[in-house]
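# I would like the atomic coordinates for the input below:
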Amino acid sequence: MNQTSWISAALVCMASVAPALQRGESDYMFSSDLLAVGFAPFGTGGAGNTLYGMTDGSDIYLCFLFDTPEDQAARQTALLAELAGEAADRTIPNIPVVCVMTQ
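Residues are numbered from 1 along each chain as shown. Prediction:
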């Protein structure tokens, strides 16, 4: 079998298997919740716009920024006030990170 025939055969096999794979569903998690139950972070290099991943050795979650422009502006305003020595309050919105299970 030549290389072209082999590749064609492999694609036909993959096409017949693909519909059999069912995508699961799961709830998204916040990274702080995963950390609390023993998950550890790992680097992803930013692939797919991820910040990082989290795993417990068998399950893997990819984590993404889940922020709003309003919260970003509130943090920036407070931090710029701090730099100027004019901060009245140090309370700012947390930066939410949501993690999605991979399969």
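
# so after the helix or strand hosting residue 72, what's the next helix or strand?
Applying DSSP states H and E as the criterion places residue 72 in helix 69-83. Moving toward the C-terminus from helix 69-83, the next helix or strand (DSSP H and E) is strand 97-101.

# tell me the bridge partners for the residue most central in space within the chain.
The centre of the chain sits closest to residue 63, judged by C-alpha atoms, centre = their mean, with a distance of 2.0 Å. Beta-bridge partners recorded for residue 63 (DSSP bridges): residue 52, residue 99.

# quick one: contacts of stretch 87-103?
23-24, 26, 28-31, 34, 51, 53-54, 59-67, 71, 74-75, 78-79, 81-82 (C-beta atoms under 8 Å, 6 or more residues apart in numbering). Every residue, glycine included, has its C-beta placed from N, CA and C.

# circling back to that earlier point, contacting residues around the residue nearest to the centre of the chain?
Residues in contact with residue 63, defined by C-beta under 8 Å, 6+ apart, are 31, 41, 50-54, 97-100.

# how about residue 65?
51, 95-97.

# need phi/psi at residue 91.
Phi and psi for residue 91, reported as degrees, to the nearest 10, are phi -80, psi 120.

# just give the closest residue to residue 59, not the sequence neighbours.
In this structure, residue 59 finds its nearest non-sequential neighbour in residue 101, 6.4 Å apart by C-beta to C-beta, 6 or more residues apart in numbering.

# of the contacts of residue 63, select the buried ones using a PyMOL command.
Buried residues among the contacts of residue 63 (16 or more other C-beta atoms under 10 Å), as a PyMOL selection:
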select buried, resi 31+41+50+51+52+53+54+97+98+99
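
# pLDDT weak spots in the chain?
1-20 (pLDDT under 70).

# ok, for residue 74, nearest residue in space, not its chain neighbours?
Per C-beta to C-beta, 6+ apart, closest to residue 74 is residue 93, 5.6 Å.
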